[in-house]
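Peer 1: Kindly return the folded structure for what I paste below:
(chains A and B)
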Amino acid sequence: MKLVDRIKQFFVQIGELSYFAGRFFKEVFTPPFEFRELLRQCYQMGNRSLVLVGVTGFIIGLVMTLQSRPTLIQFGAVSWMPNMTGISIVREIGPVITALICAGRIASGIGAELGSMRVTEQIDAMEVSGTNPFKYLVVTRILATTLMLPLLVVFGDLIALYGSALVENLKGDVSFQLYFNIVFDALGFGDIIPATIKSFFFGFVIGLVGCYKGYYSKKGTAGVGVAANSAVVMASLLVFVVDFIAVFVSDIFYEL
Amino acid sequence: MTDERITYKNKNAESESDTTEERKTVIRIRDVRKSFGDNHVLNGFHMELHEGENLVVMGRSGSGKSVMIKCLVGLMAPDSGYIEVMGKEIATLNRQTLDELRSDIGFLFQGSALYDSMTVRENIEFPMRRHKEKLGAVSDTTTLVMEALENVGLGHTLDLMPAELSGGMQRRIALARTLILKPKIILYDEPTSGLDPITAKEIIELMRSIQIKYNTSSLIITHDVDCARVISERMILLVDGINYAEGTYAELSASTDPKVEAFFKK
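Peer 2: Below you'll find the model as predicted:
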């Protein structure tokens, strides 16, 4: 494909994604509301991601502390370890890593599920039976990811901090209580609020991209794979774009 | 284009027409056209389905049969033309009215289209979510679900997942789901495709028994000649996007027109 066509296609996709987001905001406030399906999706996306987010968070906390420790010792600043890990995990690493894991697990799952539903005419069957498939499938999934991601981020942050505290406890004789006291003293609203707000946006883009790719999946069963794959790529990319914007905006309010 | 159309009207057909004219028309399609880029799928298609009638529309793969049936229920919009179902023009209906109308139309999809993540019970209950008023004061849906399942001879599958069923069973469950709202019209999109001849025959028998039991009007889209022979009262051959030939199975199978003959050659 020519470069011009690729650029054109990129902007077409951005336009379609914006229209899809607009339709979401229109449908989300109009009845009937699919509460039961929303709860089911929250369970599917939240509860079933806990182990993955927890294990990843634990390893990140562990590795980050192990890697930083020699350098901080060299500069005689090892006592700053809880402050450094606490702030970096809560502000940046926790939300971004959790969002990337969810982009891989949830966006691809949604893309593949909706894609196969499109290919096997299940979405058409839903439409014919009088249920609005956009409301039932798309709105519930985007809402679920938007609501669940901040909770997963909080969970991931806590486990990552625990991993970091474990290393400090084993290598530096710092008690868990002291470690967490220092971390929570170091953290301010300027660290927690922007990170929490951007987590909602991460969840929104992950759900949006997964649904968009799956809902408009084409070209038969091969299209399902393409939908799942491109959902992960696009969602991961957008997580970084949203992160950049979030850091830029929070810098205005909190002077990071 | 119009000159090319063949309508068979021998003595039998005329007497057939007399009876169908007395019946109310439930679906009326006039000059429907639909294109996908340069691919002109429907080029002025006409059709009428009467109350209690079994009409088969036959055509080759890619001839626009499925497109036509999707236009009928508002899943696709035609480029031009007029589509009326039970006295209501589809193009003028808002979402709510269209959904109400859809509760009177059953649609059996080609691949059954059962919801993978739901059990058989949930699949059959699904259409009832939005049309509870049509079923009256029903507090226990299990009786209705069981009745629908018994109609298709699969009462024991209530809590199974679609993946645990064979192709023929899935088609029967899809038919049960279609029947749950007691539709007045049933649209069958390739009801026997992908099934072995014995299962296909069972599905055809099931369609006939449903038609007799509920007095539904049926529009059957197929390229299966055996299915058309057994079930059709009247047939339309869809060729080059138009209703090329129209008549009973006997009339069309005896035709000497090369395009019509091609369908019936063994």
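
Peer 1: any chance you could map the strands in the stretch 1-150 of chain B?
Peer 2: Secondary structure of the stretch 1-150 of chain B by DSSP state E, counting those that start in this stretch: the strands cover B:6-7, B:25-36, B:39-50, B:54-59, B:80-85, B:88-89, B:105-108.

Peer 1: Show me what secondary structure element comes after the helix or strand harbouring residue A:15.
Peer 2: Assigned by DSSP states H and E, residue A:15 falls within helix A:3-28. Counting by DSSP H and E, the next helix or strand C-terminal to helix A:3-28 is helix A:35-46.

Peer 1: Of the strands of the stretch 1-150 of chain B, which is nearest chain A?
Peer 2: strand B:105-108 (4.7 Å; C-beta to the nearest C-beta). Every residue, glycine included, has its C-beta placed from N, CA and C.

Peer 1: Pull out the buried residues from the helix holding residue A:15.
Peer 2: A:17, A:20-21, A:24 (16 or more other C-beta atoms under 10 Å in any protein chain shown).

Peer 1: tell me the most buried of the strands of the stretch 1-150 of chain B?
Peer 2: Highest mean neighbour count of these: strand B:105-108, a mean of 26 (counted as mean count of other C-beta atoms under 10 Å in any protein chain shown).

Peer 1: Restrict it to CA atoms and write it as PDB.
Peer 2: Output in PDB follows, covering the C-alpha atoms of strand B:105-108 (Å, rounded to 0.1, in the frame of the first residue of the first chain):
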ATOM      1  CA  ILE B 105     -40.800 -11.800  12.200                       C
ATOM      2  CA  GLY B 106     -38.700 -14.800  13.000                       C
ATOM      3  CA  PHE B 107     -35.300 -15.000  11.400                       C
ATOM      4  CA  LEU B 108     -33.400 -18.300  11.100                       C
END
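
Peer 1: how about it, does it get close to chain A?
Peer 2: Yes: using C-beta under 8 Å from any C-beta of the partner chain, strand B:105-108 reaches chain A at B:105, B:107.

Peer 1: so what secondary structure elements neighbour that strand?
Peer 2: Helices and strands touching strand B:105-108, by 3 or more C-beta pairs under 8 Å, 6 or more residues apart in numbering or on different chains; DSSP states H and E, are helix A:122-128, helix B:167-179, strand B:185-189.

Peer 1: For residue A:36, give its distance to chain B.
Peer 2: 10 Å (C-beta to the nearest C-beta, to the nearest Å).

Peer 1: And residue A:148, by the same measure?
Peer 2: 18 Å.

Peer 1: mind listing what that residue touches?
Peer 2: Residue A:148 makes contacts with A:42, A:45-46, A:49, A:203, as judged by C-beta atoms under 8 Å, 6 or more residues apart in numbering or on different chains.

Peer 1: Could you rerun that using 7 Å?
Peer 2: Going by C-beta atoms under 7 Å, 6 or more residues apart in numbering or on different chains, residue A:148 touches A:42, A:45-46, A:203.

Peer 1: Write out the residues of the stretch 1-150 of chain B neighbouring chain A.
Peer 2: With C-beta under 7 Å from any C-beta of the partner chain as the criterion, the stretch 1-150 of chain B comes near chain A at residues B:73, B:75, B:99, B:102-103, B:107, B:109, B:111, B:113, B:115, B:126-127, B:129-131.

Peer 1: Make a ChimeraX selection of whichever of these turn out to be buried.
Peer 2: ChimeraX command restricting the residues of the stretch 1-150 of chain B next to chain A to the buried ones, with burial defined by 16+ other C-beta under 10 Å:
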select /B:73,75,99,102,103,107,109,111,113,115,126,127,130,131
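
Peer 1: now, which of the residues of the stretch 1-150 of chain B next to chain A lie within helices?
Peer 2: Secondary structure from DSSP state H places B:99, B:102 of the residues of the stretch 1-150 of chain B next to chain A in helices.

Peer 1: elements contacting the helix holding residue A:15?
Peer 2: Under the contact definition 3 or more C-beta pairs under 7 Å, 6 or more residues apart in numbering or on different chains; DSSP states H and E, helix A:3-28 sits against helix A:189-215.

Peer 1: Residue B:214 and residue B:172, how far apart?
Peer 2: From residue B:214 across to residue B:172, the span is 16 Å (C-beta to C-beta, to the nearest Å).

Peer 1: Compare these two (neighbour count), which wins?
Peer 2: Between residue B:214 and residue B:172, residue B:172 has the larger neighbour count (other C-beta atoms under 10 Å in any protein chain shown), namely 23 against 15.

Peer 1: Return the residues in contact with the more buried one.
Peer 2: Contacts of residue B:172 by C-beta under 7 Å, 6+ apart are B:152-154, B:206.

Peer 1: looking at those residues, which has the most residues close by?
Peer 2: The contacts of residue B:172, ranked by neighbours (other C-beta under 10 Å): first place residue B:152, 23 neighbours.

Peer 1: Can you check the pLDDT for that one?
Peer 2: At residue B:152, the model reports a pLDDT of 87.

Peer 1: That one - nearest residue in space that isn't next to it in sequence?
Peer 2: residue B:172 (4.0 Å; C-beta to C-beta, 6 or more residues apart in numbering or on different chains).
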